[in-house]
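Asker: Quick one: sequence plus predicted model below, questions after.
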Amino acid sequence: MNPPPAVLQTPGFAHFSIAWSPFHTTRLALASSANFGLVGNGRLHLVSVAPGPNGSLGLTIDKHYETQDGLYDVAWSEVHENHLVTASGDGSIKLWDVLLNVRHPSDHAAQNLPIRAWQEHTREVFSVDWSNIKKDTFVSSSWDGNVKLWTPERPRSILTLQAHHSCAYQAMFSPHQPDLVVSCSTDGTLKIFDLRTPAYVPAGAAGTNSFTNPMAAAVLTVPASGTEVLSVDWNKYRPFVLASAGVDKMAKVWDCRMIKLQETGGVGGACEAQLLGHEYAVRKVQWSPHRADVLATASYDMTCRMQVVVFRTQIRRWNGPQLVHIHDPHTEFVVGCSWSLFDDGVIASCGWDSRLNVFRA
């Protein structure tokens, strides 16, 4: 049997997102908010994972940073091992250096001094994602419906995508093609943007460009659900395969090569699989970085599930997904899950019970 999960409690702060460092095998970042993110301050925790007896794991907080508003997401830099970026409820995005601003070795709380901050979104920033190909670029999505691209060296965003007319819950770079970005929204769609297309819509006479209108045309729109889509992720081994999840209580797998062309652009996408079982909305979906067919989901039903997805193109003896593991020690909504980038099968989950779990599925 696998050892019990490693557990870390942060009283007073509900967790919203967790990310493993792409440089250090045992380093985690945790984005949290007071009062379940409704009002109050936020906190960025830096956590270390240490091996214990009999294959167990232990968790310790190295330091934490206080913020004036709640934090909804966090992403590590792909360039600098000590930099990370956070998404905040006040519409701001902040870049942190984890080696700076420590008051005293005996005081884990660090000063509220990010090395850079941006304030362009007009509503809550709900996700940030760092490109693992264009390593100097990250993307954000906001409840204002916009998706923005950034580089740490510039004081303003380098591109704005009017992705949705309603909340854009998440946006992510493709891990295979550096110019593809996918977003999901309350309108039930996934939208894929190709950044190689003109960044601005021409205005006025033919051949002129006013450079005033952000790009709004997606190269592909996938009608993924009749309800809100809360999370999306690219498959790490299949370039045109996506997973989505949301209020309809299920995760869905999409093959974006199967599209139907209409006058308004590419619309469609073949649904390869539907992963049922959760009793409430699925808040987070993430493909394994080690296996092409393993998917993790986190839900408001207080569980985190790992399933094997069987694609239609595979020769198989069974039909549909195969449930591998159900993780259910949480006592509140589970809103974040993240696979270890270095250790196959190790995953972290976090939720509104102020609890971070790291376990082997």
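Answerer: Everything's here; your move.
Asker: Can you pull out the low-pLDDT segments for the stretch 151-300 of the chain?
Answerer: In the predicted model of the stretch 151-300 of the chain, residues 198-216, 258-269 satisfy pLDDT under 70.
Asker: 50 - rerun?
Answerer: 200-212, 260-264 (pLDDT under 50).
Asker: for it, what spans make up the helices?
Answerer: Counting by DSSP state H, counting those that start in this stretch, no segments of the stretch 151-300 of the chain form helices.
Asker: If you count neighbours, what's buried in stretch 28-48?
Answerer: Buried residues in stretch 28-48, defined by neighbour count with 16 or more other CB atoms under 10 Å: 28-34, 37, 41-47. To be clear about C-beta, it is placed using only N, CA and C from the backbone, and glycine gets the same treatment.
Asker: just the CA coordinates of it, formatted as PDB?
Answerer: Output of stretch 28-48 as PDB, limited to C-alpha atoms (Å, rounded to 0.1, in the frame of the first residue of the first chain):
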ATOM      1  CA  LEU A  28       6.100  23.900  -4.300                       C
ATOM      2  CA  ALA A  29       4.300  27.200  -4.500                       C
ATOM      3  CA  LEU A  30       0.800  27.600  -3.000                       C
ATOM      4  CA  ALA A  31      -1.600  30.500  -3.800                       C
ATOM      5  CA  SER A  32      -4.100  31.200  -1.000                       C
ATOM      6  CA  SER A  33      -6.800  33.600   0.100                       C
ATOM      7  CA  ALA A  34      -8.500  34.600   3.300                       C
ATOM      8  CA  ASN A  35     -12.300  34.200   3.600                       C
ATOM      9  CA  PHE A  36     -12.400  31.800   0.700                       C
ATOM     10  CA  GLY A  37     -11.300  34.600  -1.700                       C
ATOM     11  CA  LEU A  38     -14.400  36.700  -1.200                       C
ATOM     12  CA  VAL A  39     -12.800  39.500   0.700                       C
ATOM     13  CA  GLY A  40      -9.500  40.100   2.500                       C
ATOM     14  CA  ASN A  41      -5.800  39.500   1.900                       C
ATOM     15  CA  GLY A  42      -3.900  36.700   0.200                       C
ATOM     16  CA  ARG A  43      -0.800  34.700   0.900                       C
ATOM     17  CA  LEU A  44       1.900  33.000  -1.200                       C
ATOM     18  CA  HIS A  45       3.400  30.000   0.500                       C
ATOM     19  CA  LEU A  46       6.700  28.400  -0.500                       C
ATOM     20  CA  VAL A  47       6.700  24.700   0.600                       C
ATOM     21  CA  SER A  48       9.400  22.100   0.600                       C
END
